[in-house]
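J.: Just the structure for this:
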Amino acid sequence: MIVRHLDEVLGTEHDVDAATWVSRRLLLRKDGVGFSLHDTTMKAGTETDMWYKNHIEAVYCIEGEGEIDVLDENKTYPVTPGTLYVLNGHEKHRLRSKTDLRVVCVFNPPCTGKEVHDESGAYPLGEPDAYPSRIQSEPQILDRVDPVVYNHIINQQVINALQLSGYEQDGYLFLEEFFTQEEVAAMREELKKIWQEAGSDNNKPEVIREPDSEEVRSVFAVHRDSGVFHQLAVHDRLLAVVKQILGSDVYVHQSRINFKPGFTGKEFYWHSDFETWHVEDGMPRMRALSCSIALEDNYFFNGPLMVIPGSHRHFIACTGQTPDDHYKQSLRKQQYGVPDHDSMRWLTEKGGIVAPVGKAGSVLLFDCNLMHGSSSNISPMPRSNIFLVFNSVENKLVEPFSGMKPRPGFIASREA
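T.: Predicted coordinates for the structure are as follows:
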């Protein structure tokens, strides 16, 4: 059940003030009810030409006086409290307000909440959501409709066709000792510096702490703030592989270091990154990947990353409406966008669970939709990895599919 008050919308991005009208969008596409509902006031003494060629609109007047001209029929109807009209033929029309005219508008398909009329007087329909999530009452398993590898013609000398085929089939590729010991040493030194700075700065939003303590869990935007990790993000051999898989130029969507100190490093529960990036950031399609670079030796016992081979070919549509500013809690402990147990059993029965482990300097490349997670580190051996997320420049972020405001740029870059 949804209970909402007009006061919750006033002053937000869903309170849209245009030249001839003000519209408060109370129900939106993200609510998953099949229509949107707007409380709209047409300003006194104005005329507005509209043509909802992409939607059917029903309008019910509750205050004021006006009239509607149906332009193609050359007819005019009065609009007063109690009047209902439905534009079920996508009629071109002109709404004339003699006084402030307050109406309740219902749109099908539902609006996202930020629409304004284009030059023809219509609301843009936008691309249908290929991967709807967090709008259903029950979880769903959807087939992937996007490629995994976008260029099968080998155009670099770092990986071969067999490795590329393995990535396409399993959703990941492990490259052991990809970086030299000298490169690893420089990254480790920078890691220590970032850890020390993060521990002493309680106000930096890029620093994420554990859910039940003030211990540092992650630090975001390290490629932006660190010269060492900026160079890592433009590493020629790494980029060659990324561009081979994604088939285009790329940019860094997100970077972070995940810290897992010995004895106290906490788990990261099962999830598909794409589900969150799609719903909360507006990543349109599955044309991104993550690079997890081991800064310390990864063992089976120190909380390594675990993946479900083949899971990238299925999208798990999750339940639960996303709260405002969800990232402030989800980066510490994720509660929305988490797959259900039945779907996880189905995926693991098909693909099993693998933990690619190796020496510091090894790289795990994995598809944006691959189901993955890691357990707590109760061993004495620390594990810290840097993650670089590369997105295709042809897959730039749009408005979040949740209909909510985008997450901050240090989590999801909107500058390709």
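
J.: got any ranges where this structure has weak pLDDT?
T.: Scanning the chain with the threshold set as pLDDT under 70 gives 126-127, 323-336.

J.: Now with 80, please.
T.: Applying pLDDT under 80 to the chain flags the ranges 29-32, 125-128, 199-203, 210-214, 320-337, 402-404, 416.

J.: need the contact list for the residue minimising distance to the centre of it.
T.: The chain has residue 277 as the residue nearest its centroid, 2.2 Å off, counting by C-alpha atoms, centre = their mean. If you count contacts by C-beta atoms under 8 Å, 6 or more residues apart in numbering, residue 277 has them with 253, 283, 288, 368, 412. Just so you know, the C-beta spots here come from the backbone N, C-alpha and C atoms, and that holds for glycine as well.

J.: Quick check: it is in a helix.
T.: Yes. The assignment for residue 277 is a helix, going by DSSP: H, G, I helix; E, B strand; the rest coil.

J.: Tell me the spacing between it and residue 283.
T.: Remark: distance between residue 277 and residue 283 (C-beta to C-beta, to the nearest Å) = 4 Å.

J.: intersection of neighbour lists for these two?
T.: Common neighbours of residue 277 and residue 283 are listed as 253, 368, 412 (criterion: C-beta under 8 Å, 6+ apart).

J.: out of those, which are buried?
T.: 253, 368, 412 (16 or more other C-beta atoms under 10 Å).

J.: ok so, going back, go through the contacts of residue 277 and flag which are in strands.
T.: Applying DSSP state E to the contacts of residue 277, the entries found in strands are 253, 288.

J.: And the furthest pair within the contacts of residue 277?
T.: Among the contacts of residue 277, the pair separated by the greatest distance (C-beta to C-beta) is 368 and 412, at 12.4 Å.

J.: Overlap in contacts, the two.
T.: Joint contacts of residue 368 and residue 412 (C-beta under 8 Å, 6+ apart) are 277, 283.

J.: picking that back up, adding distance to residue 263, write the buried ones among the shared contacts of residue 277 and residue 283 out as TSV.
T.: Below are these laid out as TSV (distance: C-beta to C-beta, whole Å):
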residue	distance to residue 263
253	32
368	32
412	32
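
J.: Identify, from these, the entry nearest to residue 309.
T.: For these, the nearest to residue 309 is residue 368 (15.4 Å; C-beta to C-beta).

J.: Need the distance between the two termini of stretch 195-208.
T.: 12 Å (C-alpha to C-alpha, to the nearest Å).

J.: Let me see the ranges of the helices in the stretch 301-416 of the chain.
T.: Secondary structure of the stretch 301-416 of the chain (DSSP state H, counting those that start in this stretch): helices at 327-330, 341-351.

J.: Residue 394: which of those is closest?
T.: Here helix 327-330 is closest among the helices of the stretch 301-416 of the chain (C-beta to C-beta), at 25.4 Å.

J.: for the nearest residue to residue 256 once chain neighbours are set aside, what are its contacts?
T.: Excluding its sequence neighbours, the residue lying closest to residue 256 (C-beta to C-beta, 6 or more residues apart in numbering) is residue 220, at 4.6 Å. Neighbouring residues of residue 220 by C-beta under 8 Å, 6+ apart: 206-208, 254-256, 410-411.

J.: Need phi/psi at the closest residue to residue 400 other than its chain neighbours.
T.: Nearest residue to residue 400, sequence neighbours excluded (C-beta to C-beta, 6+ apart): residue 282, at 4.4 Å. With angles defined as degrees, to the nearest 10, residue 282 sits at phi 90, psi 30.
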